[in-house]
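> Return atomic coordinates for the entry below.
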Amino acid sequence: MENKEAIVKTVSADNIYRLNGRVPLSKAIPFGLQHVLAMFVSNLAPVLIVCSAALVRGTDSHLTAVEITKLLQCAMFAAGIGTILQLYPVWKIGSKLPIVMGVSFTFLGSLLMICTNPNLGYEGMVGAVILGGCFEGIVGLSAKYWKRFLTPVVSACVVIAIGLSLLSVGMDSWGGGSGAADFGAWYHLLVGFFTLIVCLVSRYFLKGVYKNLNILVGLIFGYILAAIFTAAGVAQMVDFSGITKTVGEIGFFSLPTPVFLTSHKPVFDVGAFFTIAIVFLVSAAETTGATTAVCKGALGRDLKMEELQGSLAVDGFSSAISGCFGCLPLTSFSQNVGLVTMTGVINRFTILMGALIMILASLFPPLGAFFNSLPQSVLGGCTVMMFGSILYEGMKMLKDCVFDDRNMIIVALSFCIGVGLTQTSGNFFAAFPSAVGDIFNGNAVAGVFVVSLILSLVLPKEKKSQED
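Residues are numbered from 1 along each chain as shown. Alright, predicted model coming up:
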């Protein structure tokens, strides 16, 4: 059986299926670009949502359009740095696994609660992100003390919950993007369907390593069809005005600016920190599940302790770095976990090219604006199968667990409660502080993790029968 993790010194295209080894740039760049395109829009969307709503501390004014554009630039820069740390660790910070980091949606509710409070505002939010990131980093480095509580059934439940939570994201994108005025329009559905078909056809008809570029091929052909619809006046699906606007406001080249050098210096508030600290623990559970899925699905083995420690340390400390640039917390991107497990492309050097492309896009704002013009329906057509592959890996992990009454109760209740909370007609936690509802009402992963962990700790283990 081939060792996917052996160090290979020769340059070969086949190394894309090996963790360590050099890949020709002609292969590494397109495979790395595929990772960037799979997460680009989702990486920027939370920044746009939160920072557009954020108040400047002590006022009722918001950040300017130019400031938000610069923060989008910083988000790409921070995601690139975080990904490099995962691939090539510094000390114990990093897992050496093919994991792509990006801005997390998990924190959306809590961050909006902080940044729309005039007494805290954007500055208080940034301070909370920095402190919370350091907190999760320390939690990650101490993983050996609490890892035993994350039993196989808990890990499997978290991975399945990640897959389930992403299904609506993929379909929302296919329909034109959540909240779009023309959501569900025929042209969105057609472009998404066309993109998915191109991905599937490419997967089966391209030869050798190129078949694993099926997502990139689908993105390109879907983009072309959307551009044709735009040129023909059918619908405004591709908007290049953002590129012109970016050039006019920022220019062709710009360095990301640390928040300490701006007029919005971070404010460190204890209350804001505690509001976000619990969400960082939920993010740690998501990253644990995603890292486990990479090891199980792509490497065919269990997660090692030093990999868990390094992965969570990056999750936390890269979030603190992101906060230092005025941005939101980072986490391991489930889109890219699905891409890795589906294609088998696990080479660190190849994914490094994707990280460098993100950093390059942050230095040249028009390039980032071009990537951001990718229509949501095109992205949706590509991601639905990737998200489903995460669900599949979680089911495979669950298959390896013992099928007894104890695990049945853990799985049944964790999904019934955790997923059920996201499908209630009202605020289930209306009697509790709003932070509780923000964490559990819209996040199936949080509920599934907490319930499965508690049940795994309190339910008595079944004794083996002495009867034959």
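> chain center to the host helix or strand of residue 168, what's the gap?
Under the criterion DSSP states H and E, the helix or strand holding residue 168 is helix 152-174. Offset of helix 152-174 from its chain centre (CA atoms, centre = their mean, to the nearest Å): 12 Å.
> which residues touch residue 115?
With contact taken as CB atoms under 8 Å, 6 or more residues apart in numbering, residue 115 is in contact with 50-51, 53-55, 121-122, 124-125. For the C-beta atoms, the positions are set from N, CA and C on the backbone; glycine is no exception.
> give me that answer again for 7 Å
50, 53-55, 121-122, 125 (CB atoms under 7 Å, 6 or more residues apart in numbering).
> And residue 40, by the same measure?
371-372, 374.
> Out of the residues you listed, the closest to residue 18 would be?
residue 371 (28.2 Å; CB to CB).
> Tell me the confidence at that closest one?
On pLDDT, residue 371 comes in at 73.
> and what of residue 460?
At residue 460, the pLDDT value in this model is 91.
> Residue 352 now?
On the pLDDT scale, residue 352 is placed at 96.
> what's downstream of the helix holding residue 168, the next helix or strand?
Taking DSSP H and E, what comes next after helix 152-174 is helix 186-205.
> and after that next one, which helix or strand comes next?
helix 214-231.
> Give me the domain ranges for the protein.
The record's domain parsing of the chain by automatic domain parsing lists 13-152+239-376, 402-459.
> Near the nearest residue to residue 172 once chain neighbours are set aside, how many other residues are there?
Nearest residue to residue 172, sequence neighbours excluded (CB to CB, 6 or more residues apart in numbering): residue 178, at 4.3 Å. Residues near residue 178, counting by other CB atoms under 10 Å, number 13.
> now do residue 253
Neighbourhood size, residue 253 [other CB under 10 Å]: 9.
> The chain should start at 28 in everything you say after this.
I'll keep to 28 as the first residue from here, and by that count the last item is residue 280.
> so how far is the helix or strand hosting residue 55 from its chain's centroid?
Here residue 55 sits within helix 52-80, counting by DSSP H and E. What separates the centre of helix 52-80 from the centre of its chain is 10 Å, taken as CA atoms, centre = their mean.
> Just want the angle from that helix to helix 179-201.
80 degrees (axes from the mean of the first three to the mean of the last three CA atoms, to 10 degrees).
> now the angle from helix 52-80 to helix 241-258?
60 degrees.
> Averaged pLDDT, helix 52-80. What do you get?
For helix 52-80, mean pLDDT rounds to 84.
> Next SSE downstream of that helix?
Heading C-terminal from helix 52-80 (DSSP H and E), you reach helix 92-114.
> need the strands for the stretch 328-477 of the chain, in chain order.
357-359 (DSSP state E, counting those that start in this stretch).
> Closest to residue 136 out of the contacts of residue 67?
Relative to residue 136, the closest of these is residue 399; by CB to CB it sits at 23.9 Å.
> Near the closest one, how many residues? Count them for me, please.
20.
> That one against residue 71, yeah?
Yes. Using CB atoms under 7 Å, residue 399 is in contact with residue 71, at 6.1 Å.
> So for the chain, the centremost residue is which one?
Central residue of the chain (CA atoms, centre = their mean): residue 360, 2.4 Å from the mean position.
> need the contact list for that residue.
66, 127-129.
> Leaving out the residues flanking it, which one is nearest to it?
Using CB to CB, 6+ apart and skipping the chain neighbours, the partner closest in space to residue 360 is residue 129 (4.2 Å).
> for that neighbour, what are its contacts?
Taking CB under 7 Å, 6+ apart, one finds 66, 69-70, 106, 357, 360 in contact with residue 129.
> Ok, residue 75 next?
Counting by CB under 7 Å, 6+ apart, the residues that residue 75 touches are 95, 99.
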